[in-house]
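**Q** here is a sequence with its predicted model. Questions after.
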Amino acid sequence: MKKPTTTPQRQARFVSVTGIVVPAGWDADGNPNVFAIATHDEKEFIIDRRNKAGKELPKFLRQKVKVTGILTGTGNIRNRLSVKSYVKLTDSPEDTHKSGAVDRVLALSVGAVVMTGAAFFQILGSGSLPM
């Protein structure tokens, strides 16, 4: 007699995960109904929405969060995370500074193009090239 196959249960463990809340499943109308935490190293943790904290996380869709909870999983649901607590994260001052630096470089580049364009039109208006 053949033994029935069962999906092995993974040992539950307490974890802390930082990442972006993303949709991981959709209903028939195309609305997200399963959510996950996507980490910087491309891991995905499905949010178990059977408790209050898990039900609240989807309101942070496409935002960075740090979640602590119990990680379990079976063959059909990989990395299910039962959320115990979470914190919405903001960009660090270092990230904001880097973003501001890029904005300043772009502004300087645009300014240089505008100045070059103005000089070009000034040359066209005079009918001669500066030497």
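**A** Structure's in. What do you need? Numbers count the residues shown, from 1 in each chain.
**Q** Lys66 and Lys84 touch, don't they?
**A** No. Between Lys66 and Lys84 there is no contact under C-beta atoms under 8 Å: 11.9 Å. For glycine as for every other residue, the C-beta is placed from the backbone atoms N, C-alpha and C.
**Q** give me the secondary structure label for the residue lying closest to Ala36 once chain neighbours are set aside.
**A** Using C-beta to C-beta, 6 or more residues apart in numbering and skipping the chain neighbours, the partner closest in space to Ala36 is Ala24 (3.9 Å). Of the three states, Ala24 takes strand under DSSP: H, G, I helix; E, B strand; the rest coil.
**Q** so how far is Val34 from Ala24?
**A** Ala24 is 5 Å from Val34, where distance means C-beta to C-beta, to the nearest Å.
**Q** now for these two: what residues contact both?
**A** Both Ala24 and Val34 are contacted by Ile46, under the criterion C-beta atoms under 8 Å, 6 or more residues apart in numbering.
**Q** ok so, going back, for the residue nearest to Ala36, give me its contacts.
**A** With C-beta under 8 Å, 6+ apart, Ala24 has these contacts: Pro32, Val34, Phe35, Ala36, Glu44, Ile46.
**Q** quickly note the distance from it to Thr90.
**A** 24 Å.
**Q** ok, Val15 next?
**A** For Val15 relative to Thr90 (C-beta to C-beta), the value is 22 Å.
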